[in-house]
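[1] Got a sequence here, can you build the structure:
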Amino acid sequence: MAAVDDSDYGSDVDELALGKVLSSCAKPGLNLAKAGKVPALEDDSDYGSDIDETVLAEDDSDYGSDIDSTIAERLLLNVTPVRRRAAQPKDMQSLSNCAEQAKSNLLSLAPELRNLIYEKLFEEFTAEWVRCKFYAPPSVLLACKQIYGEAITVFYGTATFRAKSFNILDKRIRRLRYCYRRLIRKLDIDTQEHFTKLGCWVYLSKEQGSIKRSEEYAENELTKVRDLCKTSSLKELDLRSLRASIKLPSGETLWSEEPTKALADYEEARRKTKKEPVPTRPTSETVTRVTLFDKDWADGVWSNSLQTFVLLIPDD
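    Residues are numbered from 1 along each chain as shown. The predicted structure is shown next:
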């Protein structure tokens with residue numbers, strides 16, 4: 001009997017031989033009997049060809065067969081396509097090697113001491129929130145799952161979170177889980193970079209005008225955040241510090257919760273430092289300042305000039 005073409009399965013297995021193997025491995029309750037060639041039906045286009053069939057004669061015994069697992073696996077490999085198996089990674093460690101690794105000294109400390117260490121680590125840490133979803137967390141959170149579970153709440157309650165604009169800050173806060181969002185205590189808005197991109201910051205010789213525009217922009221951003229914290233969806237925010245940045249004429253960046261007051265304090269301190277020192281003169285002399293007004297004729301144009309003289313008049 002001609003074997004059916006099974007090239008799609010990866011190997012050519014004779015059906016008759018396969019039937020003999022199955023009959024030899026089958027349970028004695030299942031008898032395999034040959035039958036003659038079945039004549040074709042009147043309309044057997046669905047079958048495609050006349051194939052020698054075998055009829056299974058069933059008795060009252062249980063269904064199934066007791067086939068050796070190795071034989072069954074060999075048969076499955078013959079009738080199924082050959083598949084490439086992934087190679088085992090070369091750097092894969094066994095469980096025995098992992099058990100021999102030394103335990104971290106940090107985890108051997110008391111929980112109270114570990115919490116103090118986490119607080120000290122995150123006090124000076126600033127998490128930069130950008131437009132994308134992910135950011136670079138502190139390396140201590142990437143150490144292991146146990147440290148992450150212990151330190152993640154301390155991280156949100158201690159670290160400072162900074163955004164470039166109000167829109168970025170709003171989106172990032174809303175994406176946080178409620179359990180993490182309610183822990184945030186410090187927020188910063190770096191308004192200067194966004195202020196520069198808008199073309200509003202122009203460093204002119206008139207420093208007062210440019211710094212005032214920067215301060216007004218920062219004040220508006222803080223007002224937006226305060227209004228955001230009053231909404232129903234973000235009422236759980238319990239902020240202790242909300243600051244914005246101001247660009248000073250000296251090039252330094254000042255962070256303050258009240259940009260207007262911070263600018264006034266800066267200008268007051270600047271005026272004090274710019275005051276001329278009082279000259280020390282002998283008590284026996286009187287200082288007299290004389291200002292003369294003069295007109296000069298130059299190139300057909302009269303020009304005014306002021307000249308100041310300091311006269312020291314000795315006391316009699």
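[2] how many other residues sit next to residue 162?
    Using other C-beta atoms under 10 Å, residue 162 has 20 neighbouring residues. For glycine as for every other residue, the C-beta is placed from the backbone atoms N, C-alpha and C.
[3] In stretch 142-159, which residues are buried?
    For stretch 142-159, burial by neighbour count (16 or more other C-beta atoms under 10 Å) applies to 147, 150-152, 154-159.
[4] mind giving me the domain split of this structure?
    As given by automatic domain parsing, the domain ranges for the chain are 7-79, 111-274, 285-314.
[5] Model confidence for the spatially closest residue to residue 151 that is not a sequence neighbour, exactly?
    Spatial nearest neighbour of residue 151, chain neighbours left out: residue 118 (4.5 Å); criterion: C-beta to C-beta, 6 or more residues apart in numbering. What the model reports as pLDDT for residue 118 is 90.
[6] Check residue 47 too.
    Here, the pLDDT recorded for residue 47 equals 49.
[7] Listing request: residues of the stretch 51-200 of the chain with sub-threshold pLDDT.
    Across the stretch 51-200 of the chain, the stretches falling below the confidence threshold (pLDDT under 70) are 51-69, 72-102, 130-135, 191-200.
[8] what ranges do the strands span in it?
    Counting by DSSP state E, counting those that start in this stretch, the segments of the stretch 51-200 of the chain that form strands are 54-57, 126-129, 160-163, 186-189.
[9] which residues sit against the last one?
    By C-beta atoms under 8 Å, 6 or more residues apart in numbering, the surrounding residues in contact with strand 186-189 are 126, 159-166, 169, 218, 221-222, 225, 239-245, 255.
[10] So what are the sheet partners of it and their directions?
    With DSSP bridges as the criterion, the sheet partners recorded for strand 186-189 are strand 160-163 (parallel), strand 241-247 (parallel).
[11] Now render those as CSV, adding distance to residue 139.
    Formatted as CSV, those follow (distance: least, C-beta to C-beta, whole Å):
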stretch, distance to residue 139
strand 160-163, 17
strand 241-247, 24
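[12] Indicate which one of the ones you listed is closest to residue 141.
    strand 160-163 (14.4 Å; C-beta to C-beta).
[13] how about the strands of the stretch 51-200 of the chain in TSV, adding distance to residue 177?
    As requested, the strands of the stretch 51-200 of the chain are arranged in TSV below (distance: least, C-beta to C-beta, whole Å):
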stretch	distance to residue 177
strand 54-57	61
strand 126-129	15
strand 160-163	14
strand 186-189	17
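[14] are any of the contacts of strand 186-189 buried, and which?
    Applying 16+ other C-beta under 10 Å to those flags 159-166, 169, 218, 221-222, 225, 242-245, 255 as buried.
[15] quick one on the thing from earlier: neighbours around the residue nearest to residue 151, how many?
    Residue neighbour count, defined by other C-beta under 10 Å, stands at 23 for residue 118.
[16] and it, what does it touch?
    Each residue near residue 118 by C-beta under 8 Å, 6+ apart is listed here: 140, 150-151, 154-155, 158.
[17] Let me know the closest of the residues you listed to residue 176.
    In terms of C-beta to C-beta, no member of those lies closer to residue 176 than residue 155, at 12.1 Å.
[18] So that closest one is in contact with residue 139, correct?
    No - with contact defined as C-beta atoms under 8 Å, residue 155 does not count as touching residue 139 (11.8 Å).
[19] Residue 255 in helix, strand or coil?
    When the structure is reduced to helix, strand and coil (DSSP: H, G, I helix; E, B strand; the rest coil), residue 255 reads as strand.
[20] Roughly how far does the residue nearest to it when sequence neighbours are not counted sit from residue 182?
    In this structure, residue 255 finds its nearest non-sequential neighbour in residue 243, 4.6 Å apart by C-beta to C-beta, 6+ apart. In this structure, residue 243 and residue 182 are separated by 20 Å, where distance is defined by C-beta to C-beta, to the nearest Å.
[21] Repeat that for residue 190.
    As judged by C-beta to C-beta, residue 190 and residue 182 stand 24 Å apart.
[22] higher neighbour count, those two?
    Between residue 190 and residue 182, residue 190 has the larger neighbour count (other C-beta under 10 Å), namely 22 against 15.
[23] May I have the residues that are in contact with that one?
    Under the criterion of C-beta under 8 Å, 6+ apart, the neighbours of residue 190 are 162-164, 245.
[24] Mind picking the one among these that's closest to residue 230?
    Minimum distance to residue 230 across the contacts of residue 190 is 18.5 Å, recorded for residue 163 (C-beta to C-beta).
[25] Might one say that residue 239 is in contact with residue 183?
    No - shown here, residue 239 and residue 183 do not form a contact pair, counting by C-beta under 8 Å, at 11.1 Å.
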